[in-house]
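[1] Dropping a prediction and its sequence here:
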Amino acid sequence: MLSNSQGRLQDRSPISIIDIGSNSIRLVVYEGIARSPTVLFNEKMLAGLGRGIVSTGKLDPEGVTRAVEEFGRFRAVSDQAGAKELYVIATAAAREAVNGPDFIHRAEKILGTEIRVLSGREEAHYSALGVISGFHPADGIAGDLGGGSLELVDVKGEDIGDGITLPLGGLRLQDMAKNSLTAAAKISRDELARAKLLKGGDGRVFYAVGGTWRNLARLHMYATNYPLAVMHHYELGIESSLPFLRQVARGETDKVKGIEGVSKSRRALLPYGATVLLEIIAAMKPSKVVVSALGVREGFLYSLLSPREQQTDPLISASEELALLRARSVTHARELADWTGYSFGVFGIDETDEEMRYRRAACLLADIGWRAHPEYRGTQSLNIIAHASFIGVDHPGRAFLALTNFFRHEGVFNDAGAAEIASLATPRYLERARLLGAMMRVVYLLSASMPGVIPRLKWERRPNEALALVVPKEFAALAGERPAGRLAQLARVTSRKLDMVIGED
């Protein structure tokens, strides 16, 4: 008998990664090595190992004590979660402190495995891989702000360009500036002047990685009443976010909406994170700032994949997995994806590569809410999809995926309950979501949500741009009043005359 729940993918062996940073130490247990990794367990502690390292050259004694005491639990949790492998990586503080080697040796004895202390170049490399793995495709400058250092690296598609490590991590900058925000701004400006690669980012995206910047973005969400609390791929427009960043950089965080949701240890570093980001914007002149929830850990995990696995689309991969876990038939979902692509062609609907990916993902996700009460399938599907831990999709794309499946359940002209998510979709995405939802509503009735029928449904052209949906004679009994009514809805959405006919032998 299987020990794992059927809510788990049975072909995965859990693995753990412990990331020993200058401010936080985090254990993440993943379901397995995958293109779109799923987290089984996630825990962090804010040890502050890098606090005071500028003046003492050593790791913070209290932080060391707390970390060493916690490593035993991290090892036990990893084992309890069934992890077959435990990888441990350490970054700036551990590699730079004079007592770093002794700390690492003690940690290795407790954790029972070798710890890989990353060089600045390696840290930048894995951070870049994290961004590459999370965006489809990435094109800009990735910046990973930790407690001890800032890694900047140029990323374009799968290519990693120039990179540099600067001593601008939040704890280090606070120490160097002696708690002066004015001094922190000058130090940041002087250090960033050495990052010549920023000039190559003019008009491109700046990818913000790291806990301090994620907390800044979360506060920005609160300040702007943003309707989707998903951090990955959250965008900050340059002009619209500058007043907010300047307010935080002045240390006026107590007045910021949502500040009570940020821990006190993180709160103290927010002005320094805002200061560094403002100086990057001034030096780079990016088109926008985009938050990445993926960094060094995920980049390291990505490096464990084969080259073929790395080329897999992370959104499609995650959608397939969710269909396998929650849909009545993943084969039916794949048939739907293929058939809607064929139908778009017949209807003369053009698609960009991005729109094609999103349409396919929406089809793979179309049946994940079937176990919910019929009155709530649309709302539940919308919430699951909009808030899923997907990567390789921006927020308007998430809105498209969620709305398509909302319309598939609730009806293509029923917007009630979806207004907030709809506000994130472009007019084109909103129109496409209705169209795709309308197609789904036709074929789900004709196929009873089971495979074998959809590939046999064909369109025939009629005069005056009319189309006939041809149902094979062997499936004639599946046609009827309800599918015909759904086809009439599709006709309204497409402004075409549509009929349903039974094919001949």
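    Everything's here; your move. Numbering: from 1, shown residues only.

[2] burial measure for L324, as a count.
    L324: 14 surrounding residues under other Cβ atoms under 10 Å. Just so you know, the C-beta spots here come from the backbone N, C-alpha and C atoms, and that holds for glycine as well.

[3] show me what contacts the closest residue to it other than its chain neighbours?
    Once flanking residues are discounted, L324 sits nearest to V330: 4.8 Å by Cβ to Cβ, 6 or more residues apart in numbering. Contact analysis of V330 by Cβ atoms under 8 Å, 6 or more residues apart in numbering lists 320, 323-324, 364.

[4] Which parts of the stretch 51-200 of the chain are strands?
    85-90, 115-117, 139-145, 150-156, 159-166 (DSSP state E, counting those that start in this stretch).

[5] Likewise for the stretch 401-505 of the chain?
    For the stretch 401-505 of the chain, strands defined by DSSP E, counting those that start in this stretch occupy the ranges 458-461, 467-471, 498-502.

[6] Mean pLDDT, distance to Y126 and mean neighbour count for those strands - can I get that in a markdown table?
    As requested, the strands of the stretch 401-505 of the chain are exported to a markdown table (pLDDT from 0 to 100; distance: least, Cβ to Cβ, whole Å; neighbours: other Cβ atoms under 10 Å):
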| stretch | mean pLDDT | distance to Y126 | mean neighbour count |
| --- | --- | --- | --- |
| strand 458-461 | 97 | 49 | 13 |
| strand 467-471 | 98 | 51 | 19 |
| strand 498-502 | 97 | 52 | 16 |
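
[7] Distance to V290 added to those, as TSV?
    Formatted as TSV, the strands of the stretch 401-505 of the chain follow (distance: least, Cβ to Cβ, whole Å):
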stretch	distance to V290
strand 458-461	39
strand 467-471	41
strand 498-502	41
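
[8] so how far is D367 from the residue nearest to L324?
    9 Å (Cβ to Cβ, to the nearest Å).

[9] repeat for V98
    Distance of V98 to D367, given as Cβ to Cβ: 58 Å.

[10] who has more neighbours, these two?
    Higher neighbour count among V98 and D367: D367, with 25 against 11, using other Cβ under 10 Å.

[11] Setting aside sequence neighbours, what's the nearest residue to the more buried one?
    Nearest one to D367, counting by Cβ to Cβ, 6+ apart, is A327 at 3.9 Å.

[12] hang on, G147 packs against L173?
    No - the pair G147 / L173 is not scored as a contact, 9.5 Å apart, by Cβ atoms under 8 Å.

[13] Buried ones among the contacts of V330?
    320, 323, 364 (16 or more other Cβ atoms under 10 Å).

[14] Give me the distance from the helix or strand harbouring the second one to the chain's centre.
    Counting by DSSP states H and E, the secondary-structure element that holds A323 is helix 314-326. Computed by Cα atoms, centre = their mean, to the nearest Å, the separation of helix 314-326 from the middle of its chain amounts to 14 Å.

[15] Tell me how far T404 lies from P137.
    Distance, T404 to P137, using Cβ to Cβ: 23 Å.

[16] Point to the residue nearest the middle of the chain.
    I391 (3.5 Å; Cα atoms, centre = their mean).

[17] per-residue confidence for the residue nearest to G82 when sequence neighbours are not counted?
    In space, G82 comes closest to P14 once its chain neighbours are excluded; the distance is 5.0 Å by Cβ to Cβ, 6+ apart. Note on P14: pLDDT of 96.

[18] OK, contacts around P14?
    Applying Cβ under 8 Å, 6+ apart, we find P14 in contact with 29-32, 40, 81-84.

[19] In JSON lines: those, plus distance to L436 and pLDDT.
    Formatted as JSON lines, the contacts of P14 follow (distance: Cβ to Cβ, whole Å; pLDDT from 0 to 100):
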{"residue": "V29", "distance to L436": "36", "pLDDT": "98"}
{"residue": "Y30", "distance to L436": "32", "pLDDT": "97"}
{"residue": "E31", "distance to L436": "29", "pLDDT": "95"}
{"residue": "G32", "distance to L436": "31", "pLDDT": "95"}
{"residue": "L40", "distance to L436": "33", "pLDDT": "96"}
{"residue": "A81", "distance to L436": "38", "pLDDT": "96"}
{"residue": "G82", "distance to L436": "39", "pLDDT": "95"}
{"residue": "A83", "distance to L436": "39", "pLDDT": "97"}
{"residue": "K84", "distance to L436": "40", "pLDDT": "94"}
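
[20] tell me which of those residues is nearest to L382?
    The nearest member of the contacts of P14 to L382, counting by Cβ to Cβ, is E31 at 24.4 Å.

[21] L27 belongs to a strand, doesn't it?
    Yes - remark: L27 belongs to a strand, assigned using DSSP: H, G, I helix; E, B strand; the rest coil.

[22] doesn't Q80 make contact with it?
    No - L27 is not in contact with Q80 according to Cβ under 8 Å; the separation is 11.4 Å.

[23] And these two? Which one has more around it.
    L27 (24 against 10).

[24] CSV please, covering the buried ones among the contacts of V330 and showing distance to M231 and pLDDT.
    Converted to CSV, these look like this (distance: Cβ to Cβ, whole Å; pLDDT from 0 to 100):
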residue, distance to M231, pLDDT
E320, 24, 97
A323, 24, 96
L364, 23, 98
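
[25] picking up where we left off before, intersection of neighbour lists for V330 and D367?
    Counting by Cβ under 8 Å, 6+ apart, the common neighbours of V330 and D367 are A323.
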